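Student: Fold the stuff below for me.
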Amino acid sequence: MRIIGDFDKYKALNKKKFTAVRERLLANRMKKKGCKSKDPDELKILRILILARMERWQKEGKLKILGPREYRLSLF
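Tutor: Down below sits the predicted model:
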């Protein structure tokens with residue numbers, strides 16, 4: 001493990017380098033092919049489809065809601 005010494009000094013010296021690397025990583029993540037933002041109508045339709053699927057799974061017994069944020073999904 002490296003001994004850095006005074007962390008505040010180390011942080012000040014490397015802030016520009018860290019910021020440049022971080023910006024490059026974020027830019028690469030945003031440029032992924034096939035990632036486009038969805039329009040509001042598409043989001044509404046997806047929400048309707050997801051809720052219908054969840055209701056169907058509940059009727060079939062595949063999905064059980066255990067609590068406000070707890071679910072049990074058994075597909076097999």
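Student: Tell me where the chain has strands.
Tutor: Using DSSP state E, the strands of the chain run over 63-67, 70-73.
Student: Redo those strands as a markdown table? Include mean pLDDT and distance to Ala52.
Tutor: (Each C-beta comes from the backbone N, C-alpha and C, glycine too.) Compiled in a markdown table, those are given as follows (pLDDT from 0 to 100; distance: least, C-beta to C-beta, whole Å):
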| stretch | mean pLDDT | distance to Ala52 |
| --- | --- | --- |
| strand 63-67 | 92 | 12 |
| strand 70-73 | 91 | 16 |
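Student: hey, which of those strands is tucked in deepest?
Tutor: Of the strands of the chain, the one with the most neighbours on average (mean count of other C-beta atoms under 10 Å) is strand 63-67, at a mean of 11.
Student: mind exporting the worst-scoring helix or strand of the chain on mean pLDDT as PDB, just the C-alpha atoms?
Tutor: Using mean pLDDT, DSSP states H and E, helix 7-30 stands out as the lowest-scoring helix or strand of the chain, at a mean of 83. Provided in PDB are the C-alpha atoms of helix 7-30 (Å, rounded to 0.1, in the frame of the first residue of the first chain):
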ATOM      1  CA  PHE A   7      -3.900  13.700   1.700                       C
ATOM      2  CA  ASP A   8      -5.100  17.300   1.100                       C
ATOM      3  CA  LYS A   9      -1.900  18.100  -0.700                       C
ATOM      4  CA  TYR A  10      -2.200  14.900  -2.800                       C
ATOM      5  CA  LYS A  11      -5.800  15.600  -3.600                       C
ATOM      6  CA  ALA A  12      -5.000  19.200  -4.800                       C
ATOM      7  CA  LEU A  13      -2.100  18.000  -7.000                       C
ATOM      8  CA  ASN A  14      -4.200  15.200  -8.700                       C
ATOM      9  CA  LYS A  15      -7.600  16.900  -9.000                       C
ATOM     10  CA  LYS A  16      -7.200  17.900 -12.600                       C
ATOM     11  CA  LYS A  17      -6.000  14.400 -13.600                       C
ATOM     12  CA  PHE A  18      -8.800  12.800 -11.800                       C
ATOM     13  CA  THR A  19     -11.400  15.100 -13.400                       C
ATOM     14  CA  ALA A  20     -10.100  14.500 -16.900                       C
ATOM     15  CA  VAL A  21     -10.200  10.700 -16.400                       C
ATOM     16  CA  ARG A  22     -13.700  10.900 -14.900                       C
ATOM     17  CA  GLU A  23     -15.000  13.000 -17.800                       C
ATOM     18  CA  ARG A  24     -13.600  10.600 -20.300                       C
ATOM     19  CA  LEU A  25     -15.200   7.600 -18.600                       C
ATOM     20  CA  LEU A  26     -18.500   9.300 -18.400                       C
ATOM     21  CA  ALA A  27     -18.400  10.400 -22.000                       C
ATOM     22  CA  ASN A  28     -17.700   6.800 -23.100                       C
ATOM     23  CA  ARG A  29     -20.600   5.600 -21.100                       C
ATOM     24  CA  MET A  30     -22.900   8.100 -22.700                       C
END
